[in-house]
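Participant: sequence first, predicted model second:
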Amino acid sequence: MRSKIVAGNWKMNKNLADTETLLAELSAKLPDTNAEVMVSPTYVNLVGATRALENSTIEVIAQNMHFAESGAFTGEISADMLLGIGVNTAIIGHSERRAYFGETDAILAKKVATALSKNIRTMFCFGEELEDRQSGNHFKVVESQLKNALFSLNASAWSSIVLAYEPVWAIGTGETASPEQAQEMHAFIRKTIAEQYNTDVADGVSILYGGSVKPGNAAEIFSKPDVDGGLIGGASLVADDFVAIIKAI
């Protein structure tokens, strides 16, 4: 049975003191849940976060990872560096990495391959821009992103992949795909994977929704059969909001 997951992507927010305060709040208020709960602080706070949560069920994950094992890549972080501090999951392909840092499908395919070769669980993000949705090309765009970055993998590799569908037009805009739109796309994603591999692979992969999930809409979004949780942005920076979203799943 596939995992239910609620992950908080903190992006470039929270200094060390703020991070420690938020983690303490989350630990104290964390509800009993069968879902996996993850937080992704900025790189400089990953060590502090792993230490603060060493006795917690909350997992610390990375926001990004380079495809090279080492080398002259100023400012980048390798898989071994993450593993060395106890971080075993990385977000790859977030829309902001694609938009602001020029990460292409080819680059992301290399990152995924490196992560999996190092036994780093991969949370792969993808989704369409507003113009893609308005022109009716959203299914084609999503299929292409999956195909280009992931469909060269062996079926066995999918046990280490989590998908996060994030319609770019709904990230940080206050706009949210309706629960019906989310379910429609998640069902399409699962169908596309089944056609490429098989239904066991498709039914086994967790597909998260990311895009302005809040306490007020989380339960309805999470109630859809192909939505297995959320990759949460702004709402994960407020302990009570993030806890409410965790409770919703």
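Facilitator: Here it is on my side, so go on. Not measured: the values here are computed from a predicted model. Numbers count the residues shown, from 1 in each chain.

Participant: could you list the buried residues of the helix or strand of the chain with the lowest mean pLDDT?
Facilitator: Lowest by mean pLDDT, DSSP states H and E among the helices and strands of the chain is helix 130-135, with a mean of 87. For helix 130-135, the buried set under the neighbour-count rule, 16 or more other CB atoms under 10 Å, comprises 132, 133. (Glycine included, C-beta is placed from N, CA and C.)

Participant: what is the neighbour count of the residue lying closest to residue 235 once chain neighbours are set aside?
Facilitator: Nearest non-adjacent residue to residue 235, counting by CB to CB, 6 or more residues apart in numbering: residue 241, 4.3 Å away. When neighbours are counted by other CB atoms under 10 Å, residue 241 registers 19.

Participant: just checking, residue 241 touches residue 214?
Facilitator: Yes. Residue 241 lies in contact with residue 214 (CB atoms under 8 Å); the separation is 6.9 Å.

Participant: overlap in contacts of the two?
Facilitator: When contacts are counted by CB atoms under 8 Å, 6 or more residues apart in numbering, residue 241 and residue 214 are jointly contacted by residue 235.

Participant: picking that back up, and the residue nearest to residue 235, what element?
Facilitator: Assigned by DSSP states H and E, residue 241 falls within helix 239-248.

Participant: give me the contacts around that helix.
Facilitator: With contact meaning CB under 8 Å, 6+ apart, helix 239-248 is reached by 6, 8, 22, 25-26, 29-31, 33, 35, 37, 213-215, 218-219, 222, 230, 232, 235-236.

Participant: the same query, at a cut-off of 10 Å, please.
Facilitator: Helix 239-248 is contacted by residues 4, 6, 8, 21-33, 35, 37, 39, 58, 213-223, 229-230, 232, 234-236, 238 when judged by CB atoms under 10 Å, 6 or more residues apart in numbering.

Participant: of the residues you listed, buried ones?
Facilitator: By 16+ other CB under 10 Å, these give 4, 6, 8, 22-23, 26, 30, 35, 37, 39, 58, 213-215, 217-218, 221-222, 229-230, 232, 234-236 as buried.

Participant: which of those fall in strands?
Facilitator: 6, 8, 37, 39, 229, 230, 232 (DSSP state E).

Participant: the second one: what's it in contact with?
Facilitator: Put plainly, it is residue 8. 22, 26, 37-41, 58, 61, 230-237, 241-242, 245-246.

Participant: same thing with the first one?
Facilitator: For residue 6, the set of contacting residues under the criterion of CB under 10 Å, 6+ apart consists of 33, 35-39, 208, 213, 218, 222, 228-232, 236, 242-243, 245-249.

Participant: go ahead and confirm residue 61 touches residue 94.
Facilitator: No. Taking CB atoms under 10 Å as the definition, residue 61 is not a contact partner of residue 94, at 11.9 Å.

Participant: who touches both of these two?
Facilitator: By CB under 10 Å, 6+ apart, residue 61 and residue 94 have these common neighbours: 9, 40, 123.
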